[in-house]
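Trainee: quick check, what structure comes out for this input:
(chains A, B, C and D)
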There are 2 protein chains.
Amino acid sequence: MTSHDNHAFKPIATVDLAIFSLSPAGLSVLLVRRANAPFSGDWALPGGWIHIDEDADLEAAARRVLKEKTGVETPYLEQLQTTGSRSRDPRGWSISIVYIALLSADDVAERQGGMAAEAEWRMIEGEGVGCPIAFDHAALLKEAVGRIRSKVEYSSLPGHLLPVHFTLSELQSVYETLLGRKLDKSAFRKRMAEADFLEPVEGEMRRASNRPAQVFRLKDTRSLALFDRTI
Amino acid sequence: MTSHDNHAFKPIATVDLAIFSLSPAGLSVLLVRRANAPFSGDWALPGGWIHIDEDADLEAAARRVLKEKTGVETPYLEQLQTTGSRSRDPRGWSISIVYIALLSADDVAERQGGMAAEAEWRMIEGEGVGCPIAFDHAALLKEAVGRIRSKVEYSSLPGHLLPVHFTLSELQSVYETLLGRKLDKSAFRKRMAEADFLEPVEGEMRRASNRPAQVFRLKDTRSLALFDRTI
DNA sequence: TAACTTAGTTGAATATTTACACTAAGGTTC
DNA sequence: GAACCTTAGTGTAAATATTCAACTAAGTTA
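Mentor: Next up is the predicted model:
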């Protein structure tokens, strides 16, 4: 290519994932305990090398890592950002391509067995988890949490954390939990209707000791719907 | 680290830039002509290897490339996305970290000399330039143009393409050009005032054969202001 | 069957947006 | 220098959207 071709820099490159799910009190992220140096024994975001033979592209690598750690194959997945520097890994100049994955509560419930050993869900408190984590993963997690909280304001993001089937009241409740404030029921329903990302599951009603509620599902589990305005 | 440590994959990694400026009819992007294989002689987004000794982190690498190609040191710079795949470069599995840079019209005017030879401004028409470009750069450019057009709707982005000093009418005109539609003057001025990213240059007025206009500048040339709603 | 609970809708008061007209401040023309 | 032209900048009334809270609906439980 250029004169640089001879000493073309090949960095250490990993794909790391901030995998989120919903716990009753709010957002949780999946952490794994590192088995080897550096940071052996510390908690970290799950990640791994790109497998040149196995992975066709970056997103495929992210899906592979996700499947290895959780057993889940069809999450909502989006690229967050890439960090790279001389100092973030003691082994040398390294790059991390970070993805955000959102797991449906159904996936979390079903795949308890498929979870990697030494993996653990940790509640998000404020901008991160309460304990130190390896590398610059605390900063990456902070970015991820910021992106998620921001997108709750103007997208269908919370719908991707619920079970496949849910009611409007359940959806509203997740928005309220993630936003940390109450929403008006009628305004909320109007926004959801406008954004047009839900479809009723015909004939399915959630029954309790009161008026039954219509059950809905996402029209598209692979992409977010964006609102014209904040919720 | 893990058993992968022995065959830790080290991809080809470059930092590539979509450098935008304003021409009278709209947005332009800087392309360079490739001197070597692959795609020798083709136009491409400017980019380069990471210099392990010179660059502390990815953004530093992007700034270095930008300075080499344009002479500009203080642009607005933001990371767009990272692509990586087996097939995007014939030399093997490769990664490109793509940045968007916005150049002030003053920078473009002043640094005509500092520009790299074999570099050229190309008008954006629709989603890209009218001619084929190397690698997957057409797709990257399309993403970059999409991000820019989207951010015009809810941010101060167009202000970073103007000369350092400008009037509100000039700013509105850039918004209109990039959006492809006319805006209401009074609503536009209200948005700008709310967003609070402009400061008047005291005593400076743009004079013509009509009422003089107050001259403004950005309060912060390194970051975008985001609006509460679309413009 | 009355009471209770949550689902889902309606509507009046309030705030925001939009469209457009208006005033302001120069230079230019005659 | 007065009338006129052009663009800067502001004001306002009508239309639209949001907010807040009450209302009706449909089930279970006592």
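Trainee: and stretch A:30-39, average pLDDT?
Mentor: In this model, stretch A:30-39 has a mean pLDDT of 92.
Trainee: contacts for it next, please.
Mentor: A:17, A:19-21, A:40-46, A:69-70, A:89-91, A:116, A:118-122, A:129, A:133-135, B:1-2, B:5 (Cβ atoms under 8 Å, 6 or more residues apart in numbering or on different chains). Glycine gets a C-beta too; all of them are placed from N, C-alpha and C.
Trainee: same question, stretch A:187-204
Mentor: With Cβ under 8 Å, 6+ apart as the criterion, stretch A:187-204 contacts A:156, A:159, A:165, A:168, A:171-172, A:175, A:214-220, A:225-228, A:231.
Trainee: are any of those residues buried, and which?
Mentor: Using 16 or more other Cβ atoms under 10 Å in any protein chain shown as the burial test, the contacts of stretch A:187-204 include A:156, A:159, A:168, A:171-172, A:175, A:215-218, A:225, A:231 as buried.
Trainee: which of these sits closest to chain B?
Mentor: Checking the buried ones among the contacts of stretch A:187-204 against chain B with Cβ to the nearest Cβ, the nearest one is A:Ile231 at 12.4 Å.
Trainee: what separation do you get for the closest one and A:Pro163?
Mentor: Note on A:Ile231: its distance to A:Pro163, by Cβ to Cβ, to the nearest Å, is 21 Å.
Trainee: do A:Ser104 as well
Mentor: Note on A:Ser104: its distance to A:Pro163, by Cβ to Cβ, is 6 Å.
Trainee: which of these two has more neighbours?
Mentor: A:Ser104 (23 against 14; other Cβ atoms under 10 Å in any protein chain shown).
Trainee: what residues are up against that one?
Mentor: Applying Cβ under 8 Å, 6+ apart, the residues near A:Ser104 are A:75, A:160-164, A:221.
Trainee: list only those of these flagged as buried.
Mentor: A:75, A:160-162.
Trainee: and the buried ones among the contacts of stretch A:187-204, which two are furthest apart?
Mentor: Largest separation among the buried ones among the contacts of stretch A:187-204 by Cβ to Cβ: A:Val215 and A:Ile231, giving 21.5 Å.
Trainee: check contacts around A:Ala101.
Mentor: A:17-20, A:62, A:66, A:72, A:75-77 are the contacts of A:Ala101 under Cβ under 8 Å, 6+ apart.
Trainee: so chain A: which segments form each domain?
Mentor: A:3-148, A:157-218 (automatic domain parsing).
Trainee: reformat the ones you listed as JSON lines; add distance to DNA strand C.
Mentor: Formatted as JSON lines, the domains of chain A follow (distance: least, Cβ to the nearest atom of the strand, whole Å):
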{"stretch": "domain A:3-148", "distance to DNA strand C": "16"}
{"stretch": "domain A:157-218", "distance to DNA strand C": "3"}
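Trainee: out of those domains, which gets the lowest mean score?
Mentor: Among the domains of chain A, domain A:3-148 scores lowest, at a mean of 91.
Trainee: what residues are up against A:Pro90?
Mentor: By Cβ under 8 Å, 6+ apart, the contact set of A:Pro90 is A:Pro38.
Trainee: return the backbone torsion pair for it.
Mentor: phi -60, psi -20 (degrees, to the nearest 10).
Trainee: can you list the buried residues in stretch A:36-52?
Mentor: Here stretch A:36-52 shows A:39, A:42-51 as buried, counting by 16+ other Cβ under 10 Å.
Trainee: residues near A:Ser85, how many?
Mentor: Neighbours around A:Ser85, by other Cβ under 10 Å: 20.
Trainee: the residue most central in space within chain A pairs with what?
Mentor: The C-alpha lying nearest the average C-alpha coordinate of chain A belongs to A:Ala101 (Cα atoms, centre = their mean; 2.9 Å). Judged by DSSP bridges, the bridge partners of A:Ala101 are A:Ile19, A:Leu77.
Trainee: A:Ala13 now?
Mentor: A:Ile95.
Trainee: ok, how many other residues are close to it?
Mentor: When neighbours are counted by other Cβ under 10 Å, A:Ala13 comes out with 25.
Trainee: any chance you could map the strands in chain A?
Mentor: Taking DSSP state E, the strands of chain A run over residues A:12-23, A:26-33, A:43-44, A:47-49, A:76-85, A:94-102, A:119-123, A:166-167, A:198-208, A:210-218.
Trainee: so how far is the fourth one from its chain's centroid?
Mentor: Distance of strand A:47-49 from the chain centroid (Cα atoms, centre = their mean, to the nearest Å) equals 16 Å.
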